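Chemist: the following block contains a protein sequence and its predicted model.
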Number of protein chains: 2
Amino acid sequence: MKRLLALLAALLLAACASPGLRGTGDLGLVIERASGSVLVVDTTARAILGRVEGLGDLSHASAVFSRDGRFAYVFGRDGGLTQVDLLERKIAGRIIQAGNSIGGAISQDGRLVAAQNYQPGGVKVFDAGTLELLADIPAAWDDGKKLSKVVGLADVPGNKFAFALFDAGEIWVADLAEPRQPKLAKFRGAGSQPYDGMVTPDGRYFIAGLFGEDGLALLDLWRPEQGARKILANYGKGQEKLPVFKMPHLRGWTVAGGRAYLPAIGKHEVLVVDTATWQEVGRIPVKGQPVFIMARPDGRQIWVNFAFPDYGQVQVIDTLEQKVVQTLAPGKAVLHMEFTPRGEAVWISARDDNRVVVYDTASFARLAELPAQSPSGIFFTSRAARIGF
Amino acid sequence: MKRLLALLAALLLAACASPGLRGTGDLGLVIERASGSVLVVDTTARAILGRVEGLGDLSHASAVFSRDGRFAYVFGRDGGLTQVDLLERKIAGRIIQAGNSIGGAISQDGRLVAAQNYQPGGVKVFDAGTLELLADIPAAWDDGKKLSKVVGLADVPGNKFAFALFDAGEIWVADLAEPRQPKLAKFRGAGSQPYDGMVTPDGRYFIAGLFGEDGLALLDLWRPEQGARKILANYGKGQEKLPVFKMPHLRGWTVAGGRAYLPAIGKHEVLVVDTATWQEVGRIPVKGQPVFIMARPDGRQIWVNFAFPDYGQVQVIDTLEQKVVQTLAPGKAVLHMEFTPRGEAVWISARDDNRVVVYDTASFARLAELPAQSPSGIFFTSRAARIGF
């Protein structure tokens, strides 16, 4: 009986000892795209805490976080939406919500998770706690006869989501004050084939990149009555029809110090745009075709990665000097970068070297290298406190 | 024996069940100034989780948070520095580090906590984990014969702290790359009697308010070689020598959309300043003498509270319309306001009504009222991810 008691005590203690109490402000996850798994990481210790498996097809996957920082919502390419418990390091919930999906967002109040889908085209909105479907917003166009692929979904203040319809050339804003009865504002004729979108860090402007024409579509969410308008008329693939190895991500666009830094398409340049006038004010030559252009949280530095064949390198632009000040080689096939919340370090995934490299952003020293299986996206819980992520 | 087993099991489970595993991204604390206690609050449930007592003199107390969001560091007026465990809701560490203290900051990497002291005048830097003293920076001036009171301490990128010396009229920047060997950059002749300071949200500009003369002192931390300079020459008590009921807090100053919103001193106005030129571009009339002027995280709204006798009210300025759009009466003696991370709600302390009131910032509806003993400052863990808090 003594032995039984001891065993019982040991079992109970083991059950409650692991995992321990800890804060979630310095947690994050790394997508392992080939194996359908994610790594839970600690940005203070610069360490991997564990791996969670069974998330399905994670090519082009992205993640958002619950308001408390405990849960990640991972959007898979196969329409899977997986809620990952970062503290217990296990799947807390998982649904297949569409046939082909391209990311999602979480509402300002943290209660709603929205997924944007290619197939069937539209947005679905779920309860962040239970993953119950609350609203299904088909992206109907052409008098309701067709459904459009949805891109660029972003949370904006007022518990709204903004997104673009690739096939319809429209921008929609869904107001989810009453989650089961979304109110839609539709901005038609926004531009031809929007392929991605983003909101500025203040949540004011929604900008969509256009595949079907040059220029960008911009909607001022503070003045929606003005409708969508075209900016940067020369932005795009242009007349020369350069080979474009990869359409750059707009979500990586960066606004710092009143300027937006945009990837030129097909050219080895970063475009600098004044956000007061939305006019181009400069171009900064870089090593390759930019994919992600990300500002360190203080806006002093812009980090840029590139499309094939230059995707083994990363360059750093100093925004005060408006030029490249550093070139780094983190490894083969750099796919993503994520800054720690206040920007003292950056984590970079090198897919084909199966590692994540952590750099000090002041000295550019390598602080750590962590093994990962074909890592792609890196996402930290500090996103939960930011608009448009 | 069966009963013993059951008892043992129950005890063990109770021991590990409380407090439960949870995220820390939606936690915060409310200072109860009269009783030397703090409330730990949950901004998702809009609820009080518990009270922690024994923090000493909390008049004019403020708090910063550990990188993981688990611990708060509370700076008391009596020189007490208390580390509060928000998850276990108990004091994790406490020292008396000075005789008279006026707040503190946490370094960019979260490893260093710094306190600014009136008596003895200077800054002390502690290990955030152990509260061990790592560096003592006396604010020596007048050829080292005197120590100055220190004000306006703020973390800035590069693991530095910026602060001002009230008696010396200087701004100092301490580089703590090597915490036991701080490197000091001193900017002399910054202005007469700086009484508070702040950094812009990007960590670029340190601005000190001056008690001894009109105008403000500004240091561009990206171009420190230019030294400190004077801006807004007419800002201050001015010629008219109006009665000033309370010098406004600079830490509450707000930068939104390329404009800074400053409290006029002694006047019922909010000053609007262009941060590109640091010239005044407008004045917005308000109900009383502003104390805190705080931007909703998206910058669309500015919330203002007031000095006696108007301190029962709060006004909301719409930054697009540049005018007051709402007046609220949260209770007697409104001392502080804190926005939830993405700004859907604001928490306001009404000291003399012993309550904290939570408002929806879109509809201005009262969402909750929470009892608190003479509440003053309210601080949420999302500050851990921000520069200059």
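Modeler: That came through fine.

Chemist: just for the stretch 1-150 of chain A, where's the confidence low?
Modeler: A:1-19 (pLDDT under 70).

Chemist: ranges for the helices of it?
Modeler: Applying DSSP state H, counting those that start in this stretch to the stretch 1-150 of chain A gives helices spanning A:2-17.

Chemist: cool, the stretch 151-300 of chain A as well?
Modeler: For the stretch 151-300 of chain A, no helices are identified by DSSP H, counting those that start in this stretch.

Chemist: burial count for whatever residue of the stretch 201-350 of chain A ends up closest to chain B?
Modeler: For the stretch 201-350 of chain A, the residue closest to chain B is residue A:341, as judged by CB to the nearest CB, at 3.4 Å. No exception for glycine: its C-beta is placed from N, CA and C like everyone else's. Residues near residue A:341, counting by other CB atoms under 10 Å in any protein chain shown, number 26.

Chemist: pLDDT score assigned to it?
Modeler: At residue A:341, the model reports a pLDDT of 96.

Chemist: identify the residues contacting it.
Modeler: By CB atoms under 8 Å, 6 or more residues apart in numbering or on different chains, residue A:341 lies in contact with A:25, A:26, A:43, A:297, A:380, A:382, B:67, B:384, B:385, B:386.

Chemist: how much space between the closest residue to the fifth one other than its chain neighbours and residue A:198?
Modeler: Yep, that's residue A:380 we're talking about. Computed as CB to CB, 6 or more residues apart in numbering or on different chains, the closest residue to residue A:380 that is not its neighbour in sequence is residue A:28, at 3.7 Å. Using CB to CB, to the nearest Å, residue A:28 is found at 20 Å from residue A:198.

Chemist: looking at the two, which is more packed in?
Modeler: residue A:28 (27 against 23).

Chemist: ok, the more buried one - contacts?
Modeler: A:40, A:41, A:43, A:338, A:347, A:378, A:379, A:380, A:381.

Chemist: 7 Å instead, please
Modeler: Residue A:28 makes contacts with A:41, A:43, A:338, A:378, A:379, A:380, A:381, as judged by CB atoms under 7 Å, 6 or more residues apart in numbering or on different chains.

Chemist: what is the burial count for the first one?
Modeler: It stands for residue A:41. 26.

Chemist: can you tell me the closest non-neighbouring residue to it?
Modeler: In space, and not counting its chain neighbours, residue A:41 is closest to residue A:28: 5.0 Å by CB to CB, 6+ apart.

Chemist: roughly how far apart are that neighbour and residue B:289?
Modeler: Relative to residue B:289, residue A:28 is positioned 44 Å away (criterion: CB to CB).

Chemist: what separates residue A:58 from residue A:274, distance-wise?
Modeler: For residue A:58 relative to residue A:274 (CB to CB), the value is 38 Å.

Chemist: the more surrounded of these two?
Modeler: More crowded of residue A:58 and residue A:274, by other CB under 10 Å: residue A:58, with 26 against 13.

Chemist: the closest residue to the more buried one other than its chain neighbours: neighbouring residues, count only.
Modeler: Closest residue to residue A:58 apart from its sequence neighbours, by CB to CB, 6+ apart: residue A:33 at 4.7 Å. Applying other CB under 10 Å, we find 25 residues neighbouring residue A:33.

Chemist: residue A:33 contacts residue A:376, correct?
Modeler: Yes - with contact defined as CB atoms under 7 Å, residue A:33 reaches residue A:376; the gap is 4.4 Å.

Chemist: ok, the nearest residue to residue A:142 once chain neighbours are set aside - contacts?
Modeler: Closest residue in space to residue A:142, ignoring its immediate chain neighbours: residue A:168 at 7.4 Å, by CB to CB, 6+ apart. Going by CB under 7 Å, 6+ apart, residue A:168 touches A:139, A:141, A:148.

Chemist: can you do 10 Å?
Modeler: Going by CB atoms under 10 Å, 6 or more residues apart in numbering or on different chains, residue A:168 touches A:121, A:139-142, A:146-150, A:186, A:188-190, A:193-194.

Chemist: strands of the stretch 101-250 of chain A, residue ranges please.
Modeler: Applying DSSP state E, counting those that start in this stretch to the stretch 101-250 of chain A gives strands spanning A:112-119, A:121-127, A:133-138, A:140-141, A:146-147, A:150-156, A:160-165, A:170-175, A:183-187, A:194-199, A:205-210, A:216-220, A:229-231.

Chemist: quick one: which of these is nearest chain B?
Modeler: Closest to chain B of the strands of the stretch 101-250 of chain A is strand A:150-156 (CB to the nearest CB; 7.9 Å).

Chemist: does chain B sit close to that closest one?
Modeler: Yes - counting by CB under 10 Å from any CB of the partner chain, chain B is contacted by strand A:150-156 at A:155, A:156.

Chemist: other SSEs contacting that strand?
Modeler: Judged by 3 or more CB pairs under 10 Å, 6 or more residues apart in numbering or on different chains; DSSP states H and E, strand A:150-156 is in contact with strand A:100-106, strand A:112-119, strand A:121-127, strand A:160-165, strand A:170-175, strand A:194-199, strand A:205-210.

Chemist: save the ones you listed as JSON lines, and put in distance to residue B:75 too.
Modeler: Formatted as JSON lines, the helices and strands packed on strand A:150-156 follow (distance: least, CB to CB, whole Å):
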{"stretch": "strand A:100-106", "distance to residue B:75": "33"}
{"stretch": "strand A:112-119", "distance to residue B:75": "37"}
{"stretch": "strand A:121-127", "distance to residue B:75": "40"}
{"stretch": "strand A:160-165", "distance to residue B:75": "38"}
{"stretch": "strand A:170-175", "distance to residue B:75": "42"}
{"stretch": "strand A:194-199", "distance to residue B:75": "36"}
{"stretch": "strand A:205-210", "distance to residue B:75": "38"}
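
Chemist: what would these look like in CSV with distance to chain B?
Modeler: Output for these, formatted as CSV (distance: least, CB to the nearest CB, whole Å):
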stretch, distance to chain B
strand A:100-106, 9
strand A:112-119, 12
strand A:121-127, 14
strand A:160-165, 10
strand A:170-175, 10
strand A:194-199, 10
strand A:205-210, 11
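
Chemist: right, and those - which one's nearest residue A:21?
Modeler: Nearest to residue A:21, of all those, is strand A:100-106, at 24.6 Å by CB to CB.

Chemist: now do stretch A:170-177: distance to the chain's middle.
Modeler: In terms of CA atoms, centre = their mean, to the nearest Å, the gap separating the centre of stretch A:170-177 from the centre of its chain is 19 Å.

Chemist: flag every buried residue along it.
Modeler: Across stretch A:170-177, burial judged by 16 or more other CB atoms under 10 Å in any protein chain shown covers A:170, A:171, A:172, A:173, A:174, A:176.
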